[in-house]
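Trainee: Sequence and predicted model, in that order:
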Amino acid sequence: GADILVEALERCGISDVFAYPGGASMEIHQALTRSPLITNHLFRHEQGEAFAASGYARASGRVGVCVATSGPGATNLVSALADALLDSIPMVAITGQVPRRMIGTDAFQETPIVKVTRSITKHNYLVLDVEDIPRVIQEAFFLASSGRPGPVLVDIPKDIQQQ
């Protein structure tokens, strides 16, 4: 799943990703290290990476991409996502999530980030099937950059990333 995600990002022409690694997103970060086309800019805090992705989008005119882990990592993106919505900044935020079987069980570092961000994103996705990743990523970039630009969140459970 994580390799499929990175291939989808490459097909969308992404050259830069802003990230802070965590347990629920580790497969994504490992897949990013294998990409010859994407530079992964590592930060010390998720809020910093998200605002960097926003600044990148403002300066380049391209969609900014950030990656965070589940729970508090994902919630640290909230201010930047709200700012991107209000300022019409095209962003795609990719978050790790607990494995599918643990969603809704109050698992360690589980936060319902799709619900949390519903009012501050143009759209958001919870990927429940690895085969949906290419379509979801393509749609996310289309939505982020079309009409009035804004943020889109894609939440990917750890077991999907591992497939």
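Mentor: That came through, no problem.

Trainee: Which SSE is immediately downstream of the helix or strand containing V65?
Mentor: Per DSSP states H and E: V65 is located in strand 64-68. The C-terminal neighbour of strand 64-68 among helices and strands, as given by DSSP H and E, is helix 72-75.

Trainee: For F108, give me the pLDDT.
Mentor: If you check F108, the pLDDT there is 88.

Trainee: scratch that, T105
Mentor: Looking at T105, its pLDDT is 88.

Trainee: Next up, phi/psi of it, please.
Mentor: Torsion angles at T105 (phi, psi; degrees, to the nearest 10) stand at phi -110, psi 10.

Trainee: returning to that earlier point: for the strand holding V65, name the packing helices and strands.
Mentor: Secondary-structure packing of strand 64-68 (3 or more C-beta pairs under 8 Å, 6 or more residues apart in numbering; DSSP states H and E): strand 16-19, helix 26-33, helix 46-60, strand 91-97. For the C-beta atoms, the positions are set from N, CA and C on the backbone; glycine is no exception.

Trainee: Figure out which of those is closest to T69.
Mentor: strand 91-97 (4.7 Å; C-beta to C-beta).

Trainee: Now do the strand holding V65: distance to the chain's middle.
Mentor: Relative to the mean C-alpha coordinate of its chain, strand 64-68 is positioned 5 Å out (C-alpha atoms, centre = their mean, to the nearest Å).

Trainee: and V154, what element?
Mentor: Residue-wise, V154 maps onto strand 151-157 under DSSP H and E.

Trainee: re the thing from before, export the helices and strands packed on strand 64-68 to TSV and tack on distance to V154?
Mentor: Shown next, in TSV, are the helices and strands packed on strand 64-68 (distance: least, C-beta to C-beta, whole Å):
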stretch	distance to V154
strand 16-19	13
helix 26-33	11
helix 46-60	13
strand 91-97	5
